[in-house]
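Chemist: below: sequence and its predicted model.
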Amino acid sequence: MFMRLVQAKAKPAELTRLRWYYDDRVVPALQKTAGCLYACLMQSAREPDEVISLTLWQSQSYAETYEANGLFAKLMDEARPMLADSSEWRVELSSDLKLEQVPVPAEPTVKAYPIAVMSRELNTHQARPSDLFLRIVSVKLKPDRKEQFKALYLHEIIPALHETPGCRHAYLLMPGGPKPEALSVTIWDSKDAADEYEQSGRFAELVDRVKHTFTDLFQWRMRLDHHERQSATSDDITVDRYHVMAGKRLK
């Protein structure tokens, strides 16, 4: 399986319209697209104007076909009036031959990853889509510890999440090649469930189990911060949290 993450900045006044657009236009379009299994629009809990579209695909080839056939570009063009401009400006010649400054549209950031490990559905409780909450934990791994981290995620992280109330899905995303980055994406029944997982110390315990696979920079910072209960703020591990604004399981 394969996951695409499209990150963009929305105009604050357009967030409601963007949610409607995603529900009424993007989801139906993806429902007709071969290989697309799930789609959701997420809003950052820390920066409300940051949004991410997460799509889940049967394979990388289906996701690449979706981008190559122009549908992704068409949907982005339709959404552009609702997205924020960048801080850059360019000078253009107007129709009456005057120079004028115009804002440069901010391009979305697109990341795509093969799913290395995934859980079965961990919780059968049917939460409303608007209540769902996502955590994305990004870590950087030592090159010779990537397979070890993958095995630990499968045999220790997922079973621990299976026992955690409110955790619905867990995915480990790992790019191919020498890139050290890995992402853990977990879907929760609610923000309260995700907050309880962190506040209980369970997340910190799981970080302790796998931290030896992280880069030396993270290890060094962990030693400096050994009095802290949780040191998850270095360049080598970041935790981002998102509310689900709209979304649907498509297949």
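Modeler: Good, I have the coordinates.
Chemist: contacts and neighbour counts: CA atoms only from here.
Modeler: Will do.
Chemist: any weak-confidence spans in the stretch 51-200 of the chain?
Modeler: 86-106, 121-130 (pLDDT under 70).
Chemist: okay, helices next: where are they in it?
Modeler: 60-68, 71-79, 146-152, 158-162, 191-199 (DSSP state H, counting those that start in this stretch).
Chemist: now those helices as TSV including mean neighbour count and distance to Tyr22?
Modeler: Output for the helices of the stretch 51-200 of the chain, formatted as TSV (neighbours: other CA atoms under 10 Å; distance: least, CA to CA, whole Å):
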stretch	mean neighbour count	distance to Tyr22
helix 60-68	16	17
helix 71-79	14	9
helix 146-152	17	33
helix 158-162	17	30
helix 191-199	16	22
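Chemist: could you dump those to CSV with distance to Thr109?
Modeler: Below are the helices of the stretch 51-200 of the chain laid out as CSV (distance: least, CA to CA, whole Å):
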stretch, distance to Thr109
helix 60-68, 14
helix 71-79, 12
helix 146-152, 25
helix 158-162, 28
helix 191-199, 25
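Chemist: nearest to Val51, of the ones you listed?
Modeler: helix 71-79 (12.2 Å; CA to CA).
Chemist: need the contact partners of the closest one.
Modeler: With CA atoms under 8 Å, 6 or more residues apart in numbering as the contact definition, helix 71-79 has outside contacts at Leu18, Tyr21, Val26, Tyr66, Glu67.
Chemist: nearest to Arg80, of these?
Modeler: Taking these together and measuring to Arg80 by CA to CA, the closest member is Leu18, at 9.8 Å.
Chemist: and the closest residue to the closest one other than its chain neighbours, how far from Ala10?
Modeler: Once flanking residues are discounted, Leu18 sits nearest to Met82: 6.4 Å by CA to CA, 6 or more residues apart in numbering. For Met82, the distance to Ala10 (CA to CA, to the nearest Å) stands at 6 Å.
Chemist: how about Cys36?
Modeler: 24 Å.
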